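**Student:** Pasting the sequence and the predicted coordinates here, then a few questions.
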Amino acid sequence: MKMIPLGRTGLTVSEFCLGTMTWGNQTDEAGAHAQIDRALDAGINFLDTAEMYPTQPVRAETVGRTEEFIGSWLAKTGRRDGLVLASKVAGPGQKAVRDGGAVNGATLIAAAEASLKRLRTDVIDLYQIHWPSRASYNFRQNWRFDPSSQDRAATVAHMLDMLEAAQTLVKAGKICAFGLSNESVWGTALWLRLAEENGLPRVASVQNEYSLLCRMADTDMAELCHNEELPLLAFSPLGAGLLTGKYAGDVTPDGSRRSRTPDLGGRISPRVWEAVSSYLGIAAQHGLDPAQMALAWTRTRPFPLIPILGATTLAQLDVALGAADLTLSAEVLDDIAAAHRAHPMPY
C-alpha cells in the first residue's frame, strides 16, 4: 500500500482510506473490528467516520455508534500509534443530530469533545465539517441549486467563528487538522483565504463525492486541489455500489444499500444504467473486476485524491483492497475517457 502526504498537514496516510458509515446498522461491532484488522493488515492507516454515523438510515438512537465501535477496537487493541483518524461534525438540518439545529464554533468544540470520548482517544487527526451551513449543491442538490439566499457577510462571520473554534481545539491538542466536506470551490477558497489572513488553521482537505459516475470535481475543484495541495477525499467512489455491478439489470439484492434506500440517494436515474453498463463492459473487456477498476481509476487523477473505501462485509473489503495492486493500462483509461464523454452526468 503506497503511503502519501495528507496535504500540508505533516501526516502520512495510505493511498486508500477506510470508510465506516455502515458500521452500527448494516455491520455489527465484530464485523467492524474485523474490517479494521483486515484494512491495517493490507497497509491502510487512515479511517474516516462521523458523529452522525451510521447511515442507512440515520437515527437519533444510533448517532455516534460507529465512533463507539472504533473506540472499542482502540481500547481492545491499543493500536492508536500510526493510525490517522478522521471524523466530522454534522451540519444543520439533520434532525437526528442536535435536532437539526444551527452549527457554530461552540457546537464544533462540543461535538469534537463528544467524538473524542466515543473514540476513546485523546486526539482526532482530521476533524471535518460534514456539510456547509449555507445552501449547497451536493447530494444531487445541483439540479435545483439556488445560492441567491446566501448572505456573504454572514457566511464570512460563520467561517471565522468555526475557524477560531478549530484553533481552540488545535491548541488544546484535541485535533491536529481541520477539513471540509461537501463544500464548493468558492467556499473552499474562502475558508483558505480567511485562515491565511487571520492566522487560523488552514483547511487540510475537502471530502466530496467523486467516482466514474460523479465527476463534478474534475474542473475548478481539481485546479484548486492541485494548486493548494489540498487532497480531495473521495466518498462513494463506487457510486454507492452501482459500479460493482451488483445492481446491474435494475435489481435490488437483499441486505444491500438499495434495499434500505431504493433510489440510492438520488443516484438511480433513467441515464445511470447505460453509464453503469458501459463501465462494466470496459472491465469485462479487459478482464478486470469492475470495483477494482473504478477504485484504481480514482488514483490516476491529475490532482491529489484519496478514495474512501466502504464495505459492509469482509468479502467486499477484500475486493476493494485489491485495487491497490492494480495499474490500469492506457487502453483502459482511453476506454473510460470515451465512456465519460458518452455519459457525462448520469445522475
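**Tutor:** Thanks, I have it. If you're wondering where the values come from, they're calculated on a predicted model, not measured in any experiment.

**Student:** Give me the next element, helix or strand, following the lengthiest helix in the chain.
**Tutor:** The single longest helix within the chain, with elements called by DSSP state H, is helix 152-171. Sequence order places strand 175-181 as the next helix or strand after helix 152-171, per DSSP states H and E.

**Student:** And that following strand, what does it pack against?
**Tutor:** The contact analysis (3 or more C-beta pairs under 8 Å, 6 or more residues apart in numbering; DSSP states H and E) places strand 175-181 against strand 124-129, helix 152-171, helix 185-198, strand 203-209, strand 232-235. Bear in mind the C-beta positions are built from the backbone N, C-alpha and C, glycine included.

**Student:** Output these in CSV; the columns should cover mean neighbour count.
**Tutor:** Output for the helices and strands packed on strand 175-181, formatted as CSV (neighbours: other C-beta atoms under 10 Å):
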stretch, mean neighbour count
strand 124-129, 25
helix 152-171, 17
helix 185-198, 16
strand 203-209, 26
strand 232-235, 24
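
**Student:** For the ones you listed, give me JSON lines that also has mean pLDDT.
**Tutor:** What follows is these, written out as JSON lines (pLDDT from 0 to 100):
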{"stretch": "strand 124-129", "mean pLDDT": "98"}
{"stretch": "helix 152-171", "mean pLDDT": "98"}
{"stretch": "helix 185-198", "mean pLDDT": "98"}
{"stretch": "strand 203-209", "mean pLDDT": "98"}
{"stretch": "strand 232-235", "mean pLDDT": "98"}
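
**Student:** Could you export these as CSV, including distance to Ala330?
**Tutor:** Compiled in CSV, these are given as follows (distance: least, C-beta to C-beta, whole Å):
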stretch, distance to Ala330
strand 124-129, 34
helix 152-171, 43
helix 185-198, 30
strand 203-209, 27
strand 232-235, 22
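
**Student:** Just the helices from this structure, written as ranges.
**Tutor:** 29-41, 65-77, 105-119, 152-171, 185-198, 220-227, 257-260, 272-285, 290-298, 314-321, 330-342.

**Student:** how about the third one as CSV, C-alpha atoms only?
**Tutor:** C-alpha atoms of helix 105-119 as CSV (Å, rounded to 0.1, in the frame of the first residue of the first chain):
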residue,chain,number,x,y,z
GLY,A,105,-18.0,27.4,16.9
ALA,A,106,-19.3,26.2,20.3
THR,A,107,-21.1,23.3,18.5
LEU,A,108,-17.8,22.3,16.8
ILE,A,109,-15.9,22.2,20.1
ALA,A,110,-18.7,20.3,21.9
ALA,A,111,-19.1,17.8,19.1
ALA,A,112,-15.3,17.2,18.8
GLU,A,113,-15.1,16.5,22.6
ALA,A,114,-18.1,14.1,22.4
SER,A,115,-16.4,12.3,19.5
LEU,A,116,-13.2,12.0,21.4
LYS,A,117,-15.0,10.3,24.2
ARG,A,118,-16.7,7.8,21.9
LEU,A,119,-13.5,7.1,20.0
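
**Student:** Would you mind listing the outside residues contacting that helix?
**Tutor:** With contacts defined as C-beta atoms under 8 Å, 6 or more residues apart in numbering, helix 105-119 is touched by 49, 51, 64, 67-68, 70-71, 74, 85, 87, 89-90, 98, 101, 122-124, 127, 129, 161-162, 164-166, 168-169, 174-175.

**Student:** In that helix, which residues are buried?
**Tutor:** Burial within helix 105-119, assessed by neighbour count using 16 or more other C-beta atoms under 10 Å, is assigned to Gly105, Thr107, Leu108, Ile109, Ala111, Ala112, Ser115, Leu116, Arg118, Leu119.

**Student:** now the last one
**Tutor:** Of the residues in helix 330-342, those buried by neighbour count under the rule 16+ other C-beta under 10 Å are Val332, Asp335, Ile336, Ala339, His340.

**Student:** Quick one: list the elements packing against it.
**Tutor:** So helix 330-342, by 3+ C-beta pairs under 8 Å, 6+ apart, packs with helix 272-285, helix 290-298.

**Student:** Indicate which one of those is closest to Ala34.
**Tutor:** helix 290-298 (19.2 Å; C-beta to C-beta).

**Student:** The closest one: how far from the chain's middle?
**Tutor:** Distance of helix 290-298 from its chain centroid, counting by C-alpha atoms, centre = their mean, to the nearest Å, is 16 Å.

**Student:** what angle do that helix and helix 272-285 make?
**Tutor:** 90 degrees (axes from the mean of the first three to the mean of the last three C-alpha atoms, to 10 degrees).

**Student:** Next, the angle helix 330-342 makes with helix 290-298.
**Tutor:** Counting by the same axes, to 10 degrees, helix 290-298 lies at 90 degrees to helix 330-342.

**Student:** what is the mean pLDDT for helix 290-298?
**Tutor:** If you average the pLDDT over helix 290-298, you get 98.
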